[in-house]
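1. Task: produce atomic coordinates for the following.
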Amino acid sequence: MSDEVTYSAAFREAVRDEMAKDDTVFVIGTDLYHRGGHFAQVLGLGEEFGRDRIRDAPISEAAMVAAGVGAAMNGMRPIVDLNFIDFAFGAMDEIVNQAAKIRFMLGRPVPLVIRASSGIALGGAQHNNSPESWFANVPGLRVAVPATPYDVKGLMKTALRGEDPTIFLMHKKLSALRGPVGGLDDLVPFGSAVIRRPGDDCTLVCSGGTVAKTLEAAESLAASGVSAEVIDLRTLYPLDTEAITTSVRRTGRAVVVDEAPGFSSIAAEIAATIQEQCFEYLDGPVLRATSTHSSIPYSPPLIDAILPTVTGIVERVRQTSEAFSA
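-> Modelled structure (predicted):
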């Protein structure tokens, strides 16, 4: 592993490595060549690789994704940088009806990566959507949600060397997070969750921006004698169902943590999977700690009021068994 770098710099390292290795890799988006993106995710790469490979496009997400799909079908490996995943709503036909279905309909690979910032932060209702489950529901798309610099770099390399379109979601609040990263060929496989903290009494399933909060909840639970295992999914599709069910069959309890509203969410899918595959092993109900069913307000206190909290996660764990009641 290298010295510690930021979450955003880890993405930049992955892109630089792959652009130097493969001249079919290029980036298209807005505010990229000079500014380096809203989160400095490609800062400096314009000067290094030139305007043909760090391409500033008109402000049309539909055009950007369509260009990326066409390029991918013709031997290139484009990264379409949408800056915020909320902007993908202007390109849903290109993502869902084109990128995701071309391999099925025509038998041609579409090695396209759509990178965007996701997660809830300041910015109001139109910049804080959580559409992860929308994309995971579409056959043909892969969805990556890295929580550490190491996983940003390793998952991005896997995405760029793959043959299928990937939605690559980087949480806004993790941009300055520092940590080690791998080398040139240290890839993180899709569909391979990681145990961030081992435990015996309850399984906590999380991803992306909820990992740190879930680990904090596990620390709090440990202080009262409850041993919680924390699983970081790393990708939502493919989903590492085996890691989840193996853990739950051992602990007998599960809480799924998700920033999205609980209705029709990734958390709901995982909870249903646990119920179906681990029913006879469960010692309590499968519960979710999610946001309330609300658009995201601009006020920080109101944001905090609707998000899953450390205290809320702890309470959910205690609700899985009367033995853990305060």
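
2. For the stretch 51-200 of the chain, which segments are assigned as strands?
-> 54-56, 77-84, 113-118, 142-144, 166-171, 178-179, 194-197 (DSSP state E, counting those that start in this stretch).

3. distance between the longest one and the chain's centre?
-> Same thing as strand 77-84. 15 Å (C-alpha atoms, centre = their mean, to the nearest Å).

4. Buried residues in that strand, which are they?
-> 77-84 (16 or more other C-beta atoms under 10 Å). All C-beta atoms are positioned from the backbone trio N, CA, C, and that covers glycine.

5. export the strands of the stretch 51-200 of the chain to TSV and tack on mean pLDDT and distance to Ile102?
-> Listed next are those as TSV, based on pLDDT from 0 to 100; distance: least, C-beta to C-beta, whole Å:
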stretch	mean pLDDT	distance to Ile102
strand 54-56	96	22
strand 77-84	96	14
strand 113-118	96	14
strand 142-144	98	14
strand 166-171	98	14
strand 178-179	96	36
strand 194-197	98	31
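
6. how about the ones you listed in CSV, adding distance to Phe135?
-> CSV is the format used below for the strands of the stretch 51-200 of the chain (distance: least, C-beta to C-beta, whole Å):
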stretch, distance to Phe135
strand 54-56, 24
strand 77-84, 12
strand 113-118, 9
strand 142-144, 5
strand 166-171, 5
strand 178-179, 26
strand 194-197, 21
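
7. Nearest to Leu307, out of those strands?
-> Across the strands of the stretch 51-200 of the chain, Leu307 has its closest neighbour in strand 166-171 (12.7 Å, C-beta to C-beta).

8. Name the strands paired with that closest one and say parallel or antiparallel.
-> Based on DSSP bridges, the pairing partners of strand 166-171 within the sheet are strand 113-118 (parallel), strand 142-144 (parallel).

9. who wins for proximity to Thr210 among those strands?
-> strand 113-118 (11.7 Å).

10. Alpha carbons only: can I get the closest one in CSV?
-> Taking Å, rounded to 0.1, in the frame of the first residue of the first chain, the C-alpha atoms of strand 113-118 are listed here in CSV:
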residue,chain,number,x,y,z
VAL,A,113,-18.2,4.2,-16.1
ILE,A,114,-20.6,6.9,-14.9
ARG,A,115,-19.0,8.6,-11.9
ALA,A,116,-21.0,10.9,-9.7
SER,A,117,-21.0,12.2,-6.1
SER,A,118,-23.8,10.9,-4.0
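
11. Report the inter-axis angle for it versus strand 77-84.
-> Strand 113-118 and strand 77-84 are oriented at 20 degrees to each other (axes from the mean of the first three to the mean of the last three C-alpha atoms, to 10 degrees).

12. next one: strand 113-118 to chain centre, how far?
-> Distance of strand 113-118 from the chain centroid (C-alpha atoms, centre = their mean) equals 9 Å.

13. And stretch 268-276, by the same measure?
-> The answer for stretch 268-276 is 19 Å, by C-alpha atoms, centre = their mean.

14. With stretch 79-97 instead?
-> 15 Å.

15. and if you look at stretch 177-186?
-> Distance of stretch 177-186 from the chain centroid (C-alpha atoms, centre = their mean) equals 17 Å.

16. contacts for it?
-> Residues outside stretch 177-186 that contact it (C-beta atoms under 8 Å, 6 or more residues apart in numbering): 1-7, 10, 13, 17, 21, 148-150, 152-154, 157, 188.

17. switch to 10 Å and redo it
-> Outside stretch 177-186, the residues within contact range by C-beta atoms under 10 Å, 6 or more residues apart in numbering are 1-11, 13-14, 17-18, 20-21, 147-154, 157, 161, 171, 188, 209, 212.

18. Mark which of those residues are buried, thanks.
-> Buried among the contacts of stretch 177-186 (16+ other C-beta under 10 Å): 5-11, 13-14, 17-18, 147-154, 157, 171, 188, 209, 212.

19. Among those, which lie within helices?
-> Counting by DSSP state H, those place 7-11, 13-14, 17-18, 149-154, 157, 212 in helices.

20. so where's this structure uncertain?
-> Where the chain drops to pLDDT under 70, the residues are 1-2, 322-326.

21. hmm, 80 instead?
-> For the chain, the stretches with pLDDT under 80 are 1-3, 123, 321-326.

22. the helices in the stretch 101-250 of the chain, which residues?
-> Under the criterion DSSP state H, counting those that start in this stretch, the stretch 101-250 of the chain carries helices at the ranges 102-106, 132-136, 149-160, 211-223, 241-251.

23. any idea which of those helices is most buried?
-> helix 149-160 (a mean of 26; mean count of other C-beta atoms under 10 Å).

24. From the chain's centroid, how far away is it?
-> 11 Å.

25. Also stretch 234-251?
-> 16 Å.

26. go on, stretch 58-76?
-> Using C-alpha atoms, centre = their mean, the offset of stretch 58-76 from its chain centre is 22 Å.
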